[in-house]
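S.K.: Here is my input; please provide its structure:
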Amino acid sequence: GLGKKIVENFWSLKLIRLPQDIFNLNYTEIEKMEGWGKQSILNLKYSINLRKKNISFERFIFALGIRHIGLENAKLISKHLKSSDNFLTLSKLKNFDELLVIDGIGETQINSIKNFFSNQINLKVLNELVKILSIKDSLELKKSGPLKNKNFMLTGKLKNMSRAEA
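M.R.: Residues are numbered from 1 along each chain as shown. This next block holds a predicted model:
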(Lines give C-alpha, C1' and ligand atoms only; values in the text may rest on other atoms or scores of the structure.)
Protein backbone atom coordinates (compact mmCIF):
# COMPACT_ATOMS: atom_id res chain seq x y z
CA GLY A 1 0.00 0.00 0.00
CA LEU A 2 3.00 2.32 -0.16
CA GLY A 3 3.94 2.51 -3.82
CA LYS A 4 5.83 5.11 -5.79
CA LYS A 5 2.86 7.44 -6.37
CA ILE A 6 1.85 7.39 -2.72
CA VAL A 7 5.42 8.09 -1.58
CA GLU A 8 5.61 10.99 -4.07
CA ASN A 9 2.29 12.31 -2.74
CA PHE A 10 3.44 11.98 0.89
CA TRP A 11 6.69 13.72 -0.10
CA SER A 12 4.84 16.67 -1.62
CA LEU A 13 2.72 16.92 1.54
CA LYS A 14 5.91 16.72 3.67
CA LEU A 15 4.73 13.55 5.43
CA ILE A 16 7.90 11.74 4.35
CA ARG A 17 11.34 13.32 4.07
CA LEU A 18 13.66 10.54 5.24
CA PRO A 19 13.22 6.74 5.23
CA GLN A 20 12.54 6.59 8.98
CA ASP A 21 9.54 8.91 8.46
CA ILE A 22 7.68 5.95 6.95
CA PHE A 23 7.57 4.37 10.41
CA ASN A 24 6.22 7.54 12.04
CA LEU A 25 3.43 8.50 9.66
CA ASN A 26 0.59 10.68 10.87
CA TYR A 27 -2.33 8.39 10.04
CA THR A 28 -4.88 10.97 11.22
CA GLU A 29 -3.64 13.35 8.52
CA ILE A 30 -3.60 10.60 5.89
CA GLU A 31 -7.18 9.59 6.70
CA LYS A 32 -8.33 13.13 5.85
CA MET A 33 -6.85 12.79 2.35
CA GLU A 34 -8.93 11.81 -0.65
CA GLY A 35 -8.92 8.07 -1.38
CA TRP A 36 -7.91 7.02 2.12
CA GLY A 37 -10.53 5.22 4.14
CA LYS A 38 -10.29 3.33 7.40
CA GLN A 39 -9.47 0.02 5.68
CA SER A 40 -6.73 1.59 3.54
CA ILE A 41 -5.18 3.11 6.66
CA LEU A 42 -5.37 -0.23 8.51
CA ASN A 43 -3.71 -2.03 5.58
CA LEU A 44 -0.95 0.57 5.39
CA LYS A 45 -0.33 0.43 9.15
CA TYR A 46 -0.26 -3.37 9.07
CA SER A 47 2.25 -3.49 6.20
CA ILE A 48 4.54 -0.91 7.77
CA ASN A 49 4.42 -2.52 11.21
CA LEU A 50 5.13 -5.92 9.66
CA ARG A 51 8.37 -4.55 8.17
CA LYS A 52 9.20 -2.72 11.39
CA LYS A 53 9.03 -5.90 13.43
CA ASN A 54 11.03 -8.17 11.20
CA ILE A 55 13.52 -7.43 8.45
CA SER A 56 16.45 -9.60 7.47
CA PHE A 57 19.91 -8.08 7.68
CA GLU A 58 20.45 -8.58 3.94
CA ARG A 59 17.16 -6.81 3.09
CA PHE A 60 18.11 -3.97 5.42
CA ILE A 61 21.45 -3.45 3.62
CA PHE A 62 19.71 -3.66 0.23
CA ALA A 63 16.98 -1.20 1.29
CA LEU A 64 19.58 1.45 2.18
CA GLY A 65 20.00 1.97 -1.56
CA ILE A 66 23.79 1.97 -1.59
CA ARG A 67 24.97 2.36 -5.18
CA HIS A 68 26.27 -0.91 -6.68
CA ILE A 69 24.92 -2.95 -3.75
CA GLY A 70 22.09 -5.07 -5.06
CA LEU A 71 20.35 -7.86 -3.21
CA GLU A 72 23.03 -10.45 -4.05
CA ASN A 73 25.85 -8.19 -2.80
CA ALA A 74 23.79 -7.36 0.29
CA LYS A 75 23.49 -11.11 0.97
CA LEU A 76 27.26 -11.55 0.68
CA ILE A 77 27.93 -8.63 3.02
CA SER A 78 25.31 -9.77 5.55
CA LYS A 79 26.77 -13.29 5.64
CA HIS A 80 30.22 -11.85 6.26
CA LEU A 81 29.30 -9.21 8.86
CA LYS A 82 26.54 -11.34 10.45
CA SER A 83 24.74 -8.47 12.31
CA SER A 84 23.60 -4.88 12.01
CA ASP A 85 25.83 -4.06 15.00
CA ASN A 86 28.87 -5.12 12.96
CA PHE A 87 27.57 -3.04 10.05
CA LEU A 88 27.33 0.02 12.34
CA THR A 89 30.82 -0.68 13.68
CA LEU A 90 32.07 -0.77 10.09
CA SER A 91 30.52 2.66 9.54
CA LYS A 92 32.25 4.05 12.66
CA LEU A 93 35.67 2.43 12.28
CA LYS A 94 35.69 2.84 8.50
CA ASN A 95 37.67 -0.41 8.18
CA PHE A 96 36.44 -1.32 4.71
CA ASP A 97 39.43 -3.53 3.87
CA GLU A 98 37.76 -6.44 5.67
CA LEU A 99 35.16 -6.46 2.89
CA LEU A 100 37.86 -7.27 0.31
CA VAL A 101 37.95 -10.87 1.52
CA ILE A 102 34.33 -11.40 0.41
CA ASP A 103 34.22 -13.26 -2.88
CA GLY A 104 32.02 -11.17 -5.18
CA ILE A 105 32.69 -7.80 -3.54
CA GLY A 106 35.22 -5.59 -5.32
CA GLU A 107 36.63 -2.08 -5.30
CA THR A 108 33.52 -0.61 -6.97
CA GLN A 109 31.21 -1.91 -4.24
CA ILE A 110 33.62 -0.96 -1.45
CA ASN A 111 33.98 2.58 -2.82
CA SER A 112 30.19 2.88 -2.91
CA ILE A 113 29.98 1.76 0.72
CA LYS A 114 32.73 4.26 1.66
CA ASN A 115 30.83 7.05 -0.09
CA PHE A 116 27.59 6.05 1.63
CA PHE A 117 29.22 6.11 5.08
CA SER A 118 30.99 9.42 4.39
CA ASN A 119 27.61 11.19 4.07
CA GLN A 120 26.38 12.44 7.46
CA ILE A 121 22.70 12.27 6.42
CA ASN A 122 23.14 8.59 5.50
CA LEU A 123 24.71 7.91 8.89
CA LYS A 124 21.81 9.67 10.63
CA VAL A 125 19.26 7.64 8.63
CA LEU A 126 21.18 4.42 9.34
CA ASN A 127 21.28 5.06 13.09
CA GLU A 128 17.59 6.02 13.23
CA LEU A 129 16.50 2.95 11.26
CA VAL A 130 18.53 0.63 13.49
CA LYS A 131 16.68 2.07 16.52
CA ILE A 132 13.24 1.64 14.91
CA LEU A 133 13.58 -1.70 13.13
CA SER A 134 14.01 -5.24 14.39
CA ILE A 135 16.80 -6.52 12.15
CA LYS A 136 17.36 -10.28 12.11
CA ASP A 137 21.03 -11.25 12.15
CA SER A 138 22.37 -13.29 9.26
CA LEU A 139 21.96 -17.03 9.77
CA GLU A 140 25.15 -19.00 10.11
CA LEU A 141 25.33 -22.07 7.94
CA LYS A 142 25.99 -25.38 9.67
CA LYS A 143 29.23 -26.97 8.62
CA SER A 144 28.15 -30.48 9.56
CA GLY A 145 25.00 -32.58 9.68
CA PRO A 146 23.23 -35.48 8.00
CA LEU A 147 23.09 -33.69 4.62
CA LYS A 148 26.79 -32.84 4.47
CA ASN A 149 28.51 -33.95 1.24
CA LYS A 150 25.16 -34.86 -0.35
CA ASN A 151 24.11 -33.73 -3.82
CA PHE A 152 20.61 -32.55 -4.67
CA MET A 153 18.82 -31.71 -7.88
CA LEU A 154 16.04 -29.13 -7.66
CA THR A 155 13.25 -29.03 -10.20
CA GLY A 156 10.26 -26.78 -10.52
CA LYS A 157 9.73 -23.19 -9.48
CA LEU A 158 11.02 -21.76 -6.19
CA LYS A 159 8.96 -18.94 -4.65
CA ASN A 160 11.28 -17.40 -2.09
CA MET A 161 14.79 -17.98 -3.39
CA SER A 162 16.85 -18.52 -6.48
CA ARG A 163 17.98 -21.96 -7.55
CA ALA A 164 21.60 -21.01 -6.70
CA GLU A 165 20.59 -20.04 -3.14
CA ALA A 166 18.74 -23.30 -2.65
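S.K.: For the rest of this, base every contact and every neighbour count on C-alpha atoms.
M.R.: OK.
S.K.: List the residues that contact the residue nearest the centre of the chain.
M.R.: Ranked by distance to the mean C-alpha position of the chain (C-alpha atoms, centre = their mean), the top residue is residue 60 at 1.8 Å. Residues near residue 60 by C-alpha atoms under 8 Å, 6 or more residues apart in numbering: residue 135.
S.K.: Then it would be within a helix, right?
M.R.: Yes. Assignment of residue 60 by DSSP: H, G, I helix; E, B strand; the rest coil places it within a helix.
S.K.: Any figure for the gap between it and residue 29?
M.R.: Distance, residue 60 to residue 29, using C-alpha to C-alpha, to the nearest Å: 28 Å.
S.K.: Same question for residue 22.
M.R.: 14 Å.
S.K.: These two: which has the busier surroundings?
M.R.: residue 22 (17 against 10; other C-alpha atoms under 10 Å).
S.K.: Now do the contacts for the more buried one.
M.R.: Contacts of residue 22 (C-alpha under 8 Å, 6+ apart): 16, 48.
S.K.: can you check residue 133 too?
M.R.: Residue 133 sits next to 51-55 when contact means C-alpha under 8 Å, 6+ apart.
S.K.: Buried ones only from these, please, as a PyMOL command.
M.R.: A single PyMOL command selects the buried members of the contacts of residue 133 (16 or more other C-alpha atoms under 10 Å):
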select buried, resi 52
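S.K.: Looking at the contacts of residue 133, which is nearest residue 91?
M.R.: Relative to residue 91, the closest of the contacts of residue 133 is residue 55; by C-alpha to C-alpha it sits at 19.8 Å.
S.K.: Okay, and the beta partners of the closest one?
M.R.: On the basis of DSSP bridges, residue 55 is bridged to residue 135.
S.K.: residues near residue 96, how many?
M.R.: For residue 96, using other C-alpha under 10 Å, the count is 13.
S.K.: start the count at 62, not 1, going forward
M.R.: Taking 62 as the first residue, the last one we looked at is residue 157.
S.K.: Enumerate every residue touching it.
M.R.: So residue 157 contacts 151, 171, 175 (C-alpha under 8 Å, 6+ apart).
S.K.: which one of those residues is nearest residue 219?
M.R.: After measuring those against residue 219 - C-alpha to C-alpha - the closest member comes out as residue 171, at 31.1 Å.
S.K.: got the contact list for the helix or strand the closest one falls within?
M.R.: Secondary structure from DSSP states H and E places residue 171 in helix 168-179. Contact with helix 168-179 is made by 127-130, 152, 155, 157, 160-161, 183-184, as judged by C-alpha under 8 Å, 6+ apart.
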